[in-house]
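Q: what's the 3D shape of this:
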Amino acid sequence: QVQLVESGGRLVQAGGSLRLSCAASGLTFGSYAMAWFRQAPGKEREFVATINWSGGSTDYADSVAGRFTISRDDAKYTVYLQMNSLKPEDTAVYYCAAKSTGPSRIQYQYSFWGQGTQVTVSS
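A: Numbers count the residues shown, from 1 in each chain. Reported below is the predicted structural model:
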């Protein structure tokens, strides 16, 4: 049974930093592309960042490029999202997701999802 468990979300002031973690189990982690998506109150879930199976290729939404960094540690079966220079508009529930082929920005292509972790950025 595949499980993705996010952690690290909390209340932070604008301009601050957070690192989210997503621990995976029940899958061959090194064979999966991983991604982060987010859903703000009253909005649809949106793409944030993705990383390929080797970690050698990443892609970011324009709204977070240059501020967020996605990385993975295959030995720990964990993907991370380092978030710097946080803004109030980054407030959302952040979800990690896994897909068995190449990275993508398209949500329905991801087979497995975590339960989400809340990030709140105060102004």
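Q: what kind of secondary structure is Glu89 in?
A: Under the three-state scheme (DSSP: H, G, I helix; E, B strand; the rest coil), Glu89 adopts helix.
Q: Distance-wise, check it relative to Gln107.
A: Separation of Glu89 from Gln107 (CB to CB, to the nearest Å) stands at 20 Å. In this view, the C-beta of every residue, glycine as well, is placed from N, C-alpha and C.
Q: and if you look at Gly9?
A: The value you get for Gly9 to Gln107, if CB to CB is used, is 19 Å.
Q: if we can go back for a sec, which one's more surrounded, Glu89 and Gln107?
A: Legend: neighbour count by other CB atoms under 10 Å for Glu89 and Gln107, higher for Gln107 (16 against 11).
Q: you'd agree the more buried one is up against Glu44?
A: No. With contact defined as CB atoms under 8 Å, Gln107 does not count as touching Glu44 (9.3 Å).
Q: Dead centre of the protein: give me the residue that sits there.
A: Centroid check for the chain by CA atoms, centre = their mean gives Trp36 as the closest residue, at 2.4 Å.
Q: Local confidence estimate at that one?
A: For Trp36, the pLDDT comes out at 98.
Q: quick check, it in a helix?
A: No. Trp36 is assigned strand when assessed by three-state DSSP, not a helix.
Q: excluding its backbone neighbours, what's nearest it?
A: Distance criterion CB to CB, 6 or more residues apart in numbering; nearest residue to Trp36, sequence neighbours excluded, is Val48 at 4.3 Å.
Q: quick one: the one you found from Ser63, how far?
A: 8 Å.
Q: higher neighbour count, those two?
A: For Val48 versus Ser63, the count of surrounding residues by other CB under 10 Å is larger for Val48: 25 against 14.
Q: if we can go back for a sec, spit out the contact partners of the residue nearest to the centre of the chain.
A: 20, 22, 48-50, 70, 79, 81, 94-97 (CB atoms under 8 Å, 6 or more residues apart in numbering).
Q: Among the residues you listed, name the buried ones.
A: Buried residues within the contacts of Trp36, counting neighbours by 16 or more other CB atoms under 10 Å: 20, 22, 48-50, 70, 79, 81, 94-97.
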